[in-house]
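Undergrad: Here is my input; please provide its structure:
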Amino acid sequence: MSRLINIGTRKSKLALWQANEVKRQLEALNVQCKIIPITSQGDNIQDKAIHKLGITGVFTRELDVALINEEIDIAVHSMKDVPTTLPKGIVQSAVLERFNSSDTLVLKKEQTFNIDSDVTIATGSLRRKAQWLNKYPNSSVVGLRGNIETRLKKIDKSNWLGGILARAGLDRLGINPATSMNLTWMVPAPAQGVIMICARKNDDFANKVCSSLNHRETELCSSIERNFLKTLEGGCTAPIGGVAKINEKLGSIDFKGVLLSRDGKKKISVQMSCGLESYSNIGEKSANDIISRGGKELIQRDIEIESKFSIFSTKKLSEVQKKQIPKTVFLGDSDFININYLDIPKDILNKPIKNVIITSKNAVESILTSSRGLKLKFENIFCVGEKTKSIIEKNIGKVNFWKRNSEDLALEIIKRFPDERAIYFCGNKRLNTLPSLLKKNHIVLEEVISYSTSSNSSVLNYDFSAIMFFSPSSVQSFLEKNEPGAVAFCLGKETAIEARKYFNDVQVANSPDFESLIKLIERNLNKV
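TA: A predicted model of the protein is given here:
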């Protein structure tokens, strides 16, 4: 006796297409069906990468619960989203014939594939990101979440070269971007392109009717790939690819697998073949081969880095500074701002100047570089920062007074020297706080651009707990290619003002020096 089969599925257009395909095939067997859309946790959380959610089965858990509670009779999944160990009481009833398993690079409209220069690629997958960086290490890779339509819109509105998606999803929805190319060199996720049907173990009717849809070759290959993944125990937290194919001419199965570090710098590959009659352990053997060559250590290293309190500095730190960072902290650093000292005209530096304002060490360095062979005649010097004061007094002359930020310095100048003139040695991207206050209070300010700053942004390959910013420009440079998810440790009030526009948690050093940043780190370590 037949009965109605309630088919559970996620609500995305692709998931509904897959559920309707199962429905179509079951109805061809005279089985009545009804689609029951269910929202998954992975669909609800769009602002985090999958591996950051800290749980497995983010796209399947709600369907599992509905299945166990008998709210649905079968659940239809993209098999690559399903954990390798199914919940107790749930079994795999069938897999449909596999679609194309390739990853595809969808280029932004009017873009052409050219990676001679640095490019930015988008993907929400650790595996795709790691493999891309392994092949193209000078690229930047940014996150990309959402359903297929959302991701395609994000690509078109971006300044990226393109984004990487599964070819199977595009094909199923009848989407064929004119500017796309299959990445045949990229090893797909285990079971990519496979539709899986799950049912309750004790539901004989559902299992029997679904087994009629099972595609044996796809079942065989996907089981090899999932055994490979299960043995490595990578789940969504490690960049793992694996694909098995049947070689009909030779009567064999060929398997290719890969494990990478998240930054793509390390890669362990394996290729094995076996006869059709002895396929059962080829996935496990391939995984053990990778494990024997340091695979477990590679996975564990990435997990340890992510589990530690980790800090990234947007300025390259000296060896002395690095030694001040607690040993329990994972540290990364890179110069996100390029500094170029400009030639200050000699006729400016050669004349007596009554009032001089300097708000950064970069301006001091530029003055010293441009004034070689000259005797500077600065009468009154006002500056921001104790370290800047120290450098000035060592190389130029006595500082009349200094403040911790430019606003306080401006207010002090207005108080002591009203209706005066001053020369302000500054950068090309100086903030408007000090000039605006002085001009409003009738102090005539001559600005001399002494150095230029330019962005040198890059994508961070790990998820850092905190980011250290040393200037408003470093905040802007960071955000060009990264999301504001971490804690912002800021040197200086102006830097914190800029960071607060984007970061939820902004902490400011008590004074504008590296030692105060170290105290911030130590305070946060005590909270962990």
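Undergrad: Would you map the helices across the stretch 151-300 of the chain?
TA: 167-172, 204-211, 216-232, 282-292, 295-307 (DSSP state H, counting those that start in this stretch).
Undergrad: Tell me the gap between stretch 517-527 and the middle of its chain.
TA: Its chain's C-alpha centre and that of stretch 517-527 lie 24 Å apart, by CA atoms, centre = their mean, to the nearest Å.
Undergrad: Give me the domain ranges for the protein.
TA: If you go by automatic domain parsing, the domain ranges for the chain are 1-96+193-214, 103-182, 216-295, 308-336+456-527, 339-455.
Undergrad: Between the ones you listed, which one is closest to residue 301.
TA: Closest approach to residue 301 among those (CB to CB): domain 216-295, 7.1 Å. Where you see a C-beta, it was placed from the backbone N, CA and C, and this is true even at glycine.
Undergrad: Could you measure from the closest residue to residue 4 other than its chain neighbours over to residue 25?
TA: In this structure, residue 4 finds its nearest non-sequential neighbour in residue 32, 4.8 Å apart by CB to CB, 6 or more residues apart in numbering. Distance check for residue 32 against residue 25: by CB to CB, to the nearest Å, it reads 13 Å.
Undergrad: Tell me which of these two has more neighbours.
TA: Between residue 32 and residue 25, counted using other CB atoms under 10 Å, the more crowded position is residue 25 (18 against 11).
Undergrad: Give me the angle between the helix or strand hosting the more buried one and helix 204-211.
TA: Secondary structure assignment for residue 25, by DSSP states H and E: helix 13-27. Put simply, helix 13-27 runs at 100 degrees to helix 204-211, going by axes from the mean of the first three to the mean of the last three CA atoms, to 10 degrees.
Undergrad: buried residues in helix 13-27?
TA: 14-19, 22-23, 25-26 (16 or more other CB atoms under 10 Å).
Undergrad: For that helix, which helices and strands make contact with it?
TA: Here helix 13-27 touches strand 5-9, strand 33-37, strand 74-78, helix 148-157, helix 167-172, strand 195-200, going by 3 or more CB pairs under 8 Å, 6 or more residues apart in numbering; DSSP states H and E.
Undergrad: run the last query once more with 6 Å
TA: strand 5-9, strand 33-37, strand 74-78 (3 or more CB pairs under 6 Å, 6 or more residues apart in numbering; DSSP states H and E).
Undergrad: quick one: contacts of stretch 325-339?
TA: 305, 308-314, 316-317, 362, 451, 453-454, 456-457, 473-474, 477-478 (CB atoms under 6 Å, 6 or more residues apart in numbering).
Undergrad: Select only the buried ones of the residues you listed in ChimeraX?
TA: The buried residues among the contacts of stretch 325-339 can be selected in ChimeraX (16+ other CB under 10 Å) with this line:
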select :305,308,309,310,311,312,313,314,317,362,451,453,457,473,474,477,478
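Undergrad: Return the subset of the contacts of stretch 325-339 lying in helices.
TA: 305, 362, 473-474, 477-478 (DSSP state H).
Undergrad: Pick out whichever of those residues sits closest to residue 61.
TA: Nearest to residue 61 among those, with distances taken as CB to CB, is residue 305, at 26.7 Å.
Undergrad: Grab the nearest non-local neighbour of that closest one.
TA: Nearest to residue 305 is residue 330, by CB to CB, 6+ apart, at 5.2 Å.
Undergrad: Now for that neighbour, how many residues are close by?
TA: 17.
Undergrad: that older thread, I'd like the helices and strands packed on helix 13-27 as JSON lines, with mean pLDDT and mean neighbour count appended.
TA: Formatted as JSON lines, the helices and strands packed on helix 13-27 follow (pLDDT from 0 to 100; neighbours: other CB atoms under 10 Å):
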{"stretch": "strand 5-9", "mean pLDDT": "96", "mean neighbour count": "22"}
{"stretch": "strand 33-37", "mean pLDDT": "95", "mean neighbour count": "15"}
{"stretch": "strand 74-78", "mean pLDDT": "95", "mean neighbour count": "26"}
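Undergrad: ranges for the helices of the stretch 401-528 of the chain?
TA: Using DSSP H, counting those that start in this stretch, helices in the stretch 401-528 of the chain cover 406-416, 433-440, 472-479, 493-499, 514-527.
Undergrad: can you list those helices in a markdown table and add distance to residue 400 and mean pLDDT?
TA: Formatted as a markdown table, the helices of the stretch 401-528 of the chain follow (distance: least, CB to CB, whole Å; pLDDT from 0 to 100):
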| stretch | distance to residue 400 | mean pLDDT |
| --- | --- | --- |
| helix 406-416 | 8 | 93 |
| helix 433-440 | 16 | 94 |
| helix 472-479 | 26 | 93 |
| helix 493-499 | 21 | 90 |
| helix 514-527 | 24 | 85 |
